[in-house]
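Engineer: Pasting the sequence and the predicted coordinates here, then a few questions.
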Amino acid sequence: MKHYLLLVFISIFLFSCQQELYLEHTDFTPKLVVNSLFTTTSTDNPEIEVYVHSSRNVLDSESSIKEISAASVVIKDSQQNILATLDYTDEGRYATDQLVLVAGESYTLEVISEGFETVTATSMIPTLVDASIQNTNLISDQTSESLDVDLRIRDNDQADNYYVYEVGDSQSLKFAKEEPFSVETIHSVKVFLTSDDLNQEQVAGNSLFQSRVFLKDESFANAEYNINFKAKGNPAVSGPVLLTSDELKMRVITASKSMYEYYKSIESSRIKGEANSSISEPVQVYSNVSNGLGVFAGYNDHTYDLK
């Protein structure tokens, strides 16, 4: 399956040598799974796309995730007027390049497909917040190297702002933006980020394995704010990660609350990795879709060179 589908993980099943547990799966009702991360439309981002699939029963070996090819997929404005109807292309993908999306506006997705409940989700595209890199410093020893980065953001007067930072080469950041639901994109992390900033949100017990920094403006609304973090190569990646490469870039995302929460849940799930097994509590991936599963979330971003 090319695209990572947001499915709520099932309950934990504990097995022991003294007792066997048999589970029934006859009451399962499939739901629509819709996924879309969207930003302002431009020459570089001419389309909005939505992926539509059905969920599967993980307790039934014959159940499968299915692409939905005959759904009605529409985008509405804040007054519930239909702005565009998306056309089906392939692999559960619906898209249109006939819709102008702008920052500061709220949009609602509605998906109707026979045999499923109608699903809806609402999100907005936040205004891009100005940011600038103040300083970078390469720290090397005999076994590893890390890049120390000072970033300044100029928070605006919106009620709440949510920020996500990630670092990678041009290719990895391109995939992160163009293929956000791909399993390969989510798990192929080349650079880890750590920060001691008191306002960052740590999503796992060990922040050394985070690939993104998460920050809210609760304590610095409508003011300048400086944050420091360190980038370090993932030792699990084959071949060296060259932190001094001209290809190394930083993506600064001004996220909607829905995108922020989705990225946090994906990050937590990725960090747990193999710990998401029958003997540990699984991470529930964030969803803001009513009557279904998935995420529909707006964002704005800018990419900076790290040299």
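Structural biologist: Arrived safely.

Engineer: In the stretch 101-250 of the chain, mark out all the helices, start to finish.
Structural biologist: 170-178, 183-187 (DSSP state H, counting those that start in this stretch).

Engineer: Pull out the buried positions in the last one.
Structural biologist: If I follow you right, that is helix 183-187. Buried positions in helix 183-187, judged by neighbour count with 16 or more other CB atoms under 10 Å: 185, 186. Heads up, the C-betas are built off the backbone N, CA and C, glycines and all.

Engineer: Please apply the same query to stretch 134-142.
Structural biologist: residue 136.

Engineer: Just the CA coordinates for that stretch, please, in CSV.
Structural biologist: The C-alpha trace of stretch 134-142 is given here as CSV (Å, rounded to 0.1, in the frame of the first residue of the first chain):
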residue,chain,number,x,y,z
GLN,A,134,20.5,33.2,13.4
ASN,A,135,23.4,30.9,13.7
THR,A,136,24.6,27.4,12.9
ASN,A,137,27.6,25.7,14.5
LEU,A,138,29.0,22.3,13.6
ILE,A,139,30.1,20.2,16.6
SER,A,140,32.4,17.2,15.7
ASP,A,141,34.3,14.5,17.6
GLN,A,142,36.0,11.3,16.6
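
Engineer: now what about it, what contacts it?
Structural biologist: The contact list for stretch 134-142 (CB atoms under 8 Å, 6 or more residues apart in numbering) reads 145-152, 226, 230, 243-244, 306-307.

Engineer: now do 10 Å
Structural biologist: Contact with stretch 134-142 is made by 145-152, 226-228, 230-232, 243-244, 248, 250, 305-307, as judged by CB atoms under 10 Å, 6 or more residues apart in numbering.

Engineer: Next: stretch 99-108.
Structural biologist: Contacts of stretch 99-108 (CB under 10 Å, 6+ apart): 36, 38-42, 45-48, 74-86, 120-128, 158, 254, 256, 296, 298-300.

Engineer: Could you identify the buried members of those residues?
Structural biologist: By 16+ other CB under 10 Å, those give 36, 38-41, 48, 74-76, 83-84, 86, 120-128, 158, 254, 256, 296, 298-300 as buried.

Engineer: per-residue pLDDT, residue 133?
Structural biologist: Note on residue 133: pLDDT of 94.

Engineer: That one touches residue 149, doesn't it?
Structural biologist: Yes. Counting by CB atoms under 10 Å, residue 133 does reach residue 149; the two are 6.6 Å apart.

Engineer: Return every residue with contacts to both of the two.
Structural biologist: In contact with both residue 133 and residue 149: 250, 304, 306, using CB under 10 Å, 6+ apart.

Engineer: May I see those organised as CSV, with neighbour count added?
Structural biologist: Shown next, in CSV, are the shared contacts of residue 133 and residue 149 (neighbours: other CB atoms under 10 Å):
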residue, neighbour count
250, 24
304, 15
306, 20
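
Engineer: how about the nearest residue to residue 130, chain neighbours excluded?
Structural biologist: Residue nearest to residue 130 in three dimensions, not counting chain neighbours: residue 154, with 4.4 Å by CB to CB, 6 or more residues apart in numbering.

Engineer: Just give me the longest helix of this structure.
Structural biologist: Longest helix of the chain, by residue count under DSSP state H: helix 257-272.

Engineer: From the chain's centroid, how far away is that helix?
Structural biologist: 6 Å (CA atoms, centre = their mean, to the nearest Å).

Engineer: low-scoring stretches of the stretch 151-300 of the chain, by residue?
Structural biologist: 204-207, 238-242, 244-246, 274-283 (pLDDT under 70).

Engineer: ok, which stretches of it are strands?
Structural biologist: Remark: strands assigned in the stretch 151-300 of the chain by DSSP state E, counting those that start in this stretch are 162-168, 191-194, 212-216, 224-233, 249-255, 293-305.

Engineer: if we can go back for a sec, looking at the buried ones among the contacts of stretch 99-108, which are in strands?
Structural biologist: Residues of those located in strands (DSSP state E): 36, 38, 48, 74-76, 83-84, 120-124, 254, 296, 298-300.
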